[in-house]
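# My questions are about this predicted structure, shown below with the sequence.
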Amino acid sequence: MSFLDFSLLDLLDILLVAFLLYQLYRLIRDTVAINVLIGVAAIYLIWKVVELLQMELLSEILGKFIGVGVIALVIVFQQEIRKFLLVIGSTNFTQRRRIFRQLRWLSDEEQQIDLDEIVAACRSLSQKHTGALMVIERVSKLGFYRDSGTLLNAELSAPLLESIFNKYSPLHDGAVIISGEEIVAAGCIMPVSDRSSLPSRFGLRHRAAIGIAEKTNALALVVSEETGDISLADGDDFVNKIEPDNLKEMLRKATENP
């Protein structure tokens, strides 16, 4: 039988693998686990390339790493694996018929962010010395952090942002996650940076802004409660004391180049 032969069983095999991979993607697409999975897949591909090139020493090292990595993956993804098995055993066929419509990465529509509302909110909060932490979602999905807060899915507006960060609001201590034209969630818990070089005057809001920017490609805006200063964290970059008049242009450049 030549390698060009293609039977109905081959088609079924491909469809089943595609279905299982899709279900796995659905479970981890909004979590930090997706980054781990991409890293493992990249190492596996490198291993196969090295094998083809007959680089024996490097191939042996990567092979051992992949072997141990399987056990590590089971430990790291134990919750996701449990969910995955529950999905496989599910009898909810209605959602499975909508399988391709649910794939967000098939959509070519770019989400536009209303920067004017964000800048207006920051200006007002800065003048009132009201502390705030706003996280703007870009390429990386923030579902893992979104679930730590209260889901809102509300239209993005400056008055709503100001009311959330009002000191009498039960959600003012956490971060707000903004995606496109929506305030997705509020009161969210962000990872705190352990960078030793940070000035001691930086409180938890600043460290949380830097932490989420380090771990994802999200933008993080901070308004200081003590000084009213506006700061922006983007990756390893942190810009402090931003003038409100310059903030929109900085955000525009950052969102256009995620």
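Arrived safely, thanks for sending. Numbers count the residues shown, from 1 in each chain.

# residues touching Ile183, list them.
Residues near Ile183 by CB atoms under 8 Å, 6 or more residues apart in numbering: Leu152, Asn153, Ala154, Glu155, Leu156, Leu160, Leu161, Ile164, Val176, Ile177. For glycine as for every other residue, the C-beta is placed from the backbone atoms N, C-alpha and C.

# Phi first, then psi, for it.
phi -90, psi 100 (degrees, to the nearest 10).

# For the nearest residue to Leu125 once chain neighbours are set aside, give me phi and psi.
Once flanking residues are discounted, Leu125 sits nearest to Val223: 4.5 Å by CB to CB, 6 or more residues apart in numbering. Phi and psi for Val223, reported as degrees, to the nearest 10, are phi -110, psi 120.

# Return the distance of Val223 relative to Ser157.
17 Å (CB to CB, to the nearest Å).

# Repeat that for Arg201.
31 Å.

# cool, and Lys253?
Lys253 is 23 Å from Ser157, by CB to CB.

# With neighbour numbers in mind, choose between these two.
When Lys253 and Ser157 are compared for neighbours, Ser157 comes out ahead with 16 against 10, by other CB atoms under 10 Å.

# thought Arg146 was touching Ile189?
No. Judged on CB atoms under 8 Å, Arg146 makes no contact with Ile189 at a distance of 10.3 Å.

# Show me which of those two is the more surrounded one.
Arg146 (21 against 13).

# and the residue lying closest to the more buried one once chain neighbours are set aside, how many residues sit next to it?
Excluding the flanking residues, the one nearest Arg146 by CB to CB, 6+ apart is Ala185, at 4.6 Å. For Ala185, the neighbour count with other CB under 10 Å is 26.

# Quick check: mean pLDDT of the helix or strand harbouring Val50?
Using DSSP states H and E, Val50 sits within helix 33-52. The predicted model assigns helix 33-52 a mean pLDDT of 80.

# likewise stretch 145-157?
91.

# Just the terminal-to-terminal distance for that stretch.
21 Å (CA to CA, to the nearest Å).

# Now do it: distance to the chain's middle.
Offset of stretch 145-157 from its chain centre (CA atoms, centre = their mean, to the nearest Å): 14 Å.

# List the buried residues for that stretch?
Residues of stretch 145-157 classed as buried by neighbour count (16 or more other CB atoms under 10 Å): Tyr145, Arg146, Gly149, Leu152, Leu156, Ser157.

# And for stretch 39-51?
Quick answer for stretch 39-51 (16+ other CB under 10 Å): Val40, Trp47, Val50.

# what's the closest non-adjacent residue to the second one?
On the basis of CB to CB, 6+ apart, the spatially nearest residue to Trp47 that is not a chain neighbour turns out to be Leu62, at 4.0 Å.

# I'd assumed that neighbour was in a strand, is it?
No. Assessed with DSSP: H, G, I helix; E, B strand; the rest coil, Leu62 is helix; it does not lie in a strand.

# quick one: the strands in the stretch 101-250 of the chain?
132-136, 150-155, 175-179, 182-188, 219-223, 230-234, 237-239 (DSSP state E, counting those that start in this stretch).
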